[in-house]
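In: please work out how this folds:
(chains A and B)
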2 protein chains.
Amino acid sequence: MTNRKPLILVTNDDGINAPGIRTLIEVMNTIGDVCVVAPDSPQSGMGHAITINDTLYCNKIKVNPHEPQREYSCSGTPVDCVKIAVNEILKRKPDLCVSGVNHGSNSSINVIYSGTMSAAVEAGTLGIPSIGFSLLDYSLEADFSPIKKYLKDISVQCLKNGLPKGVVLNVNFPKLSKNKIKGIKICRQANAYWVEKFDKRTNPLGRDYYWLTGDFVNEDKGEDTDEWALGHGYISVVPTQFDLTAHHAIKDINSWDL
Amino acid sequence: MTNRKPLILVTNDDGINAPGIRTLIEVMNTIGDVCVVAPDSPQSGMGHAITINDTLYCNKIKVNPHEPQREYSCSGTPVDCVKIAVNEILKRKPDLCVSGVNHGSNSSINVIYSGTMSAAVEAGTLGIPSIGFSLLDYSLEADFSPIKKYLKDISVQCLKNGLPKGVVLNVNFPKLSKNKIKGIKICRQANAYWVEKFDKRTNPLGRDYYWLTGDFVNEDKGEDTDEWALGHGYISVVPTQFDLTAHHAIKDINSWDL
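Out: Below is the predicted model:
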């Protein structure tokens, strides 16, 4: 970092007007020069989707005229937002990309479905230190005030220390008041999964359709996991990589008769 | 495996009528009992997206009355297809899930954008041995005949040996005639990324919009990578995991002043 203020790219998957991203913008404005490029509508569960068969719109807007940051509302996915920010909007590579604060958990296996985390991962592939932030409260009225201090502290440390190549951070906050939060734990992703329940209904034309609902199943009781940390009052920080190679399995597959 | 024929779930991201999945179905019918649950329209670049804010339709269809498999066309993403197949359509857990054959590469970093691979990963999270297959030819007229033998061999070996817990396979085929394919290499994912170029245009109403286009940049020349294998006439097989924890980075982040 030079003496100039760091350039911070802010995005999310709940849409540019969600309270979570407005909190994140407020905190980032105390650290650096902020540029927001975020979806114009909710994009939860979009994972690492990109828009390749459709057009993209990206409009300069001003949600609140009293705030200093530049803001762009984009018709695409969270990953599209990062791509268009870095390649079309920003004059230089940002020093930090922060995504969120997501309304709801992105711990454990949720990382692979999360638009919030996919935006952070996309920035990571471009060599930008990146963090996805999520609060374990799905409500649009969620209280983000207890986590503001941590949003700042973690972001400042990331700017100061950088991140190992190929690594971004997945930060989840328990839904607790400020004095109940016990601190921060660096964790591994708990080994959990979703068991889906499809809610089958019939539309007015007599055609069956489904709503996807599901139960989160976590049989991984490790005290080094994000689920354990969150369940015990801690903020979880999982260093997350996008080299998906299961290096330990290469020898095993090499023994196949192929 | 018992003596009964293995139950094989087939899906893809190019849609149920794409030549790639029709080839895969043909080959899987020689190995087991096949059930197809695939998108009703192209879903390329959908990554691990799921449908949570919209309804899902899933219709029993018969593309070719002479083929034995059960088939369902689904309005959702590739990941939705796997979820609805396993939780709603199939009576028992499949012995194998195969996804593809994708029209186009899913090697290297493309794994994170790929609906084909996300379907395989989703099945993997449910404990089903799973393989994503892709051919390095985007054309709808791509020739899949040179790879039929390998689709079968790799699937049979996967049924026979199983896969390590938490691991699925990402298999990419070079665009080569049968006698030019040199064999199979078990690889790691090359460390590459996309540099996007946004094609900016103006619509008839005077509003700017963009098309996402990009260049694939691979500075990783390792001979143990999928890109090296594919560039040298080999089929690449990358064991791929969905525990994204960068275990090696935990110590580093623990040294931060938090």
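
In: how many neighbouring residues does the nearest residue to residue A:157 once chain neighbours are set aside have?
Out: Sequence neighbours aside, residue B:256 is the residue nearest to residue A:157 in space, at 4.5 Å (criterion: Cβ to Cβ, 6 or more residues apart in numbering or on different chains). C-betas here are computed from N, CA, C, even on glycine. Residue B:256 has 16 neighbours, counted by other Cβ atoms under 10 Å in any protein chain shown.

In: wait, residue B:256 touches residue A:161, no?
Out: Yes - contact criterion Cβ atoms under 8 Å: residue B:256 and residue A:161 qualify, at 5.8 Å.

In: any shared contact partners between the two?
Out: Common neighbours of residue B:256 and residue A:161, using Cβ atoms under 8 Å, 6 or more residues apart in numbering or on different chains, do not exist here.

In: still on that earlier bit, which SS state does the residue nearest to residue A:157 fall under?
Out: Secondary structure, DSSP: H, G, I helix; E, B strand; the rest coil: residue B:256 is coil.

In: residue A:63 too?
Out: When classified by three-state DSSP, residue A:63 comes out as coil.

In: pLDDT value on the closest residue to residue A:129 other than its chain neighbours, please?
Out: For residue A:129, ignoring the flanking residues on the chain, the nearest one in space by Cβ to Cβ, 6+ apart is residue A:163 at 4.6 Å. For residue A:163, the pLDDT comes out at 97.

In: count the neighbours of residue A:163 for me.
Out: Residues near residue A:163, counting by other Cβ under 10 Å, number 21.

In: OK, contacts around residue A:195?
Out: A:214-215, A:217, B:87.

In: quick check, residue A:101 in a helix?
Out: No - Residue A:101 is assigned strand when assessed by three-state DSSP, not a helix.

In: ok, it - how many residues close by?
Out: The number of residues packed near residue A:101 is 28, by other Cβ under 10 Å.

In: ok, and the closest non-adjacent residue to it?
Out: Closest residue to residue A:101 apart from its sequence neighbours, by Cβ to Cβ, 6+ apart: residue A:20 at 3.7 Å.

In: related to what we said a few turns ago, from residue A:154, how far off is the residue nearest to residue A:157?
Out: From residue B:256 across to residue A:154, the span is 8 Å (Cβ to Cβ, to the nearest Å).

In: could you do residue A:194 as well?
Out: Distance, residue A:194 to residue A:154, using Cβ to Cβ: 27 Å.

In: report the contact partners of the residue nearest to residue A:192 when sequence neighbours are not counted.
Out: Counting by Cβ to Cβ, 6+ apart, residue A:218 is the residue found nearest to residue A:192 once chain neighbours are left out, at 3.7 Å. Residues in contact with residue A:218 (Cβ under 8 Å, 6+ apart) are A:108, A:190-192, A:227.

In: show me where the stretch 151-258 of chain A has strands.
Out: Counting by DSSP state E, counting those that start in this stretch, one finds strands in the stretch 151-258 of chain A at the ranges A:167-173, A:183-186, A:192-202, A:208-218, A:234-241.

In: could I get these as a markdown table with distance to residue B:174 and mean pLDDT?
Out: Below are the strands of the stretch 151-258 of chain A laid out as a markdown table (distance: least, Cβ to Cβ, whole Å; pLDDT from 0 to 100):
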| stretch | distance to residue B:174 | mean pLDDT |
| --- | --- | --- |
| strand A:167-173 | 31 | 98 |
| strand A:183-186 | 41 | 98 |
| strand A:192-202 | 34 | 92 |
| strand A:208-218 | 37 | 93 |
| strand A:234-241 | 27 | 98 |
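
In: deepest of those strands, which one?
Out: Across the strands of the stretch 151-258 of chain A, the average number of neighbours (mean count of other Cβ atoms under 10 Å in any protein chain shown) peaks for strand A:167-173, which reaches a mean of 27.

In: report the strands that pair with that strand, each with its relative direction.
Out: According to DSSP bridges, strand A:167-173 forms sheet pairs with strand A:130-135 (parallel), strand A:234-241 (antiparallel).

In: next one: that strand to chain centre, how far?
Out: Distance of strand A:167-173 from the chain centroid (Cα atoms, centre = their mean, to the nearest Å) equals 8 Å.

In: next: stretch A:207-217.
Out: Between the centre of stretch A:207-217 and the centre of its chain there are 24 Å (Cα atoms, centre = their mean).

In: before we move on, back to that, out of the strands of the stretch 151-258 of chain A, which is closest to residue A:134?
Out: When the strands of the stretch 151-258 of chain A are compared by Cβ to Cβ, strand A:167-173 sits nearest residue A:134, at 4.9 Å.

In: give me the contacts around that closest one.
Out: With contact meaning Cβ under 8 Å, 6+ apart, strand A:167-173 is reached by A:101, A:105-107, A:111, A:117, A:120-121, A:123-124, A:129-136, A:146-147, A:150, A:154, A:158, A:163, A:181, A:189, A:226, A:230, A:235-242, B:244, B:246, B:249, B:253.

In: closest to residue A:9 out of the strands paired with strand A:167-173?
Out: Distance to residue A:9, taken as Cβ to Cβ, is lowest for strand A:130-135 among these, at 8.7 Å.

In: mean confidence score for the closest one?
Out: For strand A:130-135, the mean per-residue pLDDT is 98.

In: remind me, longest helix of chain A?
Out: Using DSSP state H, we find that the single longest helix of chain A is helix A:148-161.

In: quick one: buried residues of that helix?
Out: A:148, A:150-151, A:154-159 (16 or more other Cβ atoms under 10 Å in any protein chain shown).

In: with stretch A:131-148 instead?
Out: Result for stretch A:131-148 [16+ other Cβ under 10 Å]: buried residues A:131-137, A:142, A:144, A:146-148.

In: residues making contact with stretch A:156-163?
Out: Looking at stretch A:156-163 with Cβ under 8 Å, 6+ apart, the contacting residues turn out to be A:1, A:6, A:31-32, A:95-96, A:124, A:129-131, A:169, A:239, B:249, B:255-258.
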